[in-house]
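# here is a sequence together with a model predicted from it:
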Amino acid sequence: MRIICPLAGVGKGLQPFTYSKPKAFLKVAGKRLIDFNLIKLMKSFPKGTKICFIIGYKKRQIQEYLNQKYSEYFELEFIEQQPLGYTAEEPFFPGLGDAILYAKEFAFNEDIFIFLSDRVPLEDYSSILINFHQCDCDGIVNVKKVEEPQHYGVVKLDNDDFLTQIVEKPAIPESNIAVSGAYIIAKSIINRLFELLEVQRKKTLENGEVYQITPIIDKLIQEGARIKSNEMIEEVLDFGRPKSLLNGNRLLLSEIKNHDPIYEDLTKKGMIIDTKIIPPVYIGKNVKIIDSVIGPNVSMGDDLDLEKCILSESVIGDGVRLKKIISSESIIGDYSILEDLIKNGITIGDASFITTSNNK
C-alpha cells in the first residue's frame, strides 16, 4: 500500500497563521500538525513505505523539513500541483481532486491510503487498515459524527456501514456522519478513480469552485463500488479553523504526560520565576516566564519571553514576547509582540505588534 498526502493548499481557513507557513506546519502541543500524522503512520506502516506529497504553497519549506525528518523511515516523493492563478502574490489551487490526480502514476494499480494533514487522530491508523483487509470492499472512508456537518463531506450509510452516498458540504445535511481525514482506495477501483478525476479536470470551474474528491467517490459508489465506513474509537481532531484548532490543542494536551517535575526543573534553572503553572501546559525550548499564571490548556512554542501574564486555553507560537497580557482562547502567531492588553479571543498572525501602552 502507498500513501498520498495533499499539501499544496494555502490554508485560508487558518489565515493569518498560514501567511508564513503551510497549514500542516502549525505547532500545537510541541509538534507540527504534519508530525502528529507521520508519527501515527510510522506506527501503522512498515519502514520503506512510499509516500507522495502533493506540494505547492511553501513547497521548499515542506520538502526540506520532511526530507530532514522522515526520509530515513519513508520513501518520499514530491509532486508539485500547479496553481490556477494568484491573488496578491498568493497562489490559489484547484482543489483536493486535482491534487490527487497528480499522483496518477504513483498510484497506478496500487492500494492507496490518502490522509489530510489538518485531521489528526488521537489513535494510530491501525483500525482503518484492519477494517480494509478484513472486509470485502473496494475502499474505506474514515468518518465521525460531528455537530456542524455542513462544513464537511457528509455520508449516508446502509445497515452494514457501507456508503450509499457522499456529498461535499451540503447546505442541508441529511446525516451528521462526516468524512474524517483518511481514505483507502483499493487497486480494484484506483484506475477508475483517476479516469473520473481526469474527466472532472476538463470541466470549467466557476468563481470560487474547486475540484473535489467527494463527487468522484460518490460516482464510484453509484457505479457499484463497495466503500465501507470506518469510525475510530478515539477522537479525530480537526485543525481546519481557529475554533477547531483550539479544541484540538486542548485534546492533544490531555494526552501529554507533563507532570510537575518538568516545571520544577525549569524553576531550578531560573526559566520559571514567581509563576503558577496549571496543567496541562506544554512549554517549548528556551522559554522564560516571570510573575505569571499559565494554564490550563496552553501550548507554548520555543524562544518565548512572558512577563506578568495570565493565559489559558491558548496557542502561542515561537519567538513570542508577551508582557502584561490577560487572555483566554487566543492564538498568537510566531515572532509577535503584545503588551498591556486584556482581551479574550485574540487571533493574530506572525510578526504582529500590539500594545495599548503610551510608552515608546
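That came through fine.

# just the buried residues of stretch 340-349, please?
Within stretch 340-349, the residues scored as buried using 16 or more other CB atoms under 10 Å are 341, 346, 347, 348, 349. Bear in mind the C-beta positions are built from the backbone N, C-alpha and C, glycine included.

# swap that for stretch 85-103, please
Neighbour-count burial for stretch 85-103 [16+ other CB under 10 Å]: 91-103.

# does residue 147 really touch residue 176, like I thought?
Yes: in this structure residue 147 lies within contact range of residue 176 using CB atoms under 8 Å: 7.5 Å.

# about what we covered before: what's the farthest-apart pair in the buried residues of stretch 85-103?
92 and 103 (20.4 Å; CB to CB).

# now do the same end-to-end measure for stretch 324-343.
11 Å (CA to CA, to the nearest Å).

# for stretch 8-27, same thing?
Termini of stretch 8-27 sit 18 Å apart (CA to CA).

# and for stretch 281-300?
Span of stretch 281-300 from end to end, CA to CA: 8 Å.

# now tell me which helix or strand of the protein has the poorest mean pLDDT.
Ranked by mean pLDDT, DSSP states H and E, the weakest helix or strand in the chain is helix 260-268, scoring a mean of 70.

# tell me where the model's unsure across the protein.
Scanning the chain for pLDDT under 70 picks out 257-262, 357-360.

# residues touching the residue nearest to the spatial centre of it, list them.
Nearest to the mean C-alpha position of the chain, counting by CA atoms, centre = their mean, stands residue 118 at 1.7 Å. Shown in contact with residue 118 (CB atoms under 8 Å, 6 or more residues apart in numbering): 11, 23, 24, 33, 181, 238, 239, 240.

# one more: residue 351?
20, 333, 334, 335, 336.

# what helix or strand is it on?
Residue 351 belongs to no helix or strand when assigned by DSSP states H and E.

# equivalent analysis for residue 250, please.
Applying DSSP H and E, one finds residue 250 within helix 242-255.

# CA atoms of that helix as PDB?
Extracted C-alpha coordinates of helix 242-255, given in PDB (Å, rounded to 0.1, in the frame of the first residue of the first chain):
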ATOM      1  CA  PRO A 242      -9.200  28.600  14.500                       C
ATOM      2  CA  LYS A 243     -12.000  27.400  16.800                       C
ATOM      3  CA  SER A 244     -11.300  23.700  16.000                       C
ATOM      4  CA  LEU A 245      -7.500  24.400  16.400                       C
ATOM      5  CA  LEU A 246      -8.100  25.400  20.000                       C
ATOM      6  CA  ASN A 247     -10.300  22.400  20.700                       C
ATOM      7  CA  GLY A 248      -7.600  20.100  19.100                       C
ATOM      8  CA  ASN A 249      -4.900  21.800  21.200                       C
ATOM      9  CA  ARG A 250      -7.000  21.000  24.300                       C
ATOM     10  CA  LEU A 251      -7.400  17.400  23.500                       C
ATOM     11  CA  LEU A 252      -3.700  16.900  22.400                       C
ATOM     12  CA  LEU A 253      -2.600  18.400  25.700                       C
ATOM     13  CA  SER A 254      -4.700  16.000  27.600                       C
ATOM     14  CA  GLU A 255      -2.700  13.200  26.100                       C
END
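
# residue 165 is in contact with residue 217, isn't it?
No: when contacts are counted by CB under 8 Å, residue 165 is not listed as touching residue 217 (9.9 Å).

# much appreciated, bye for now.
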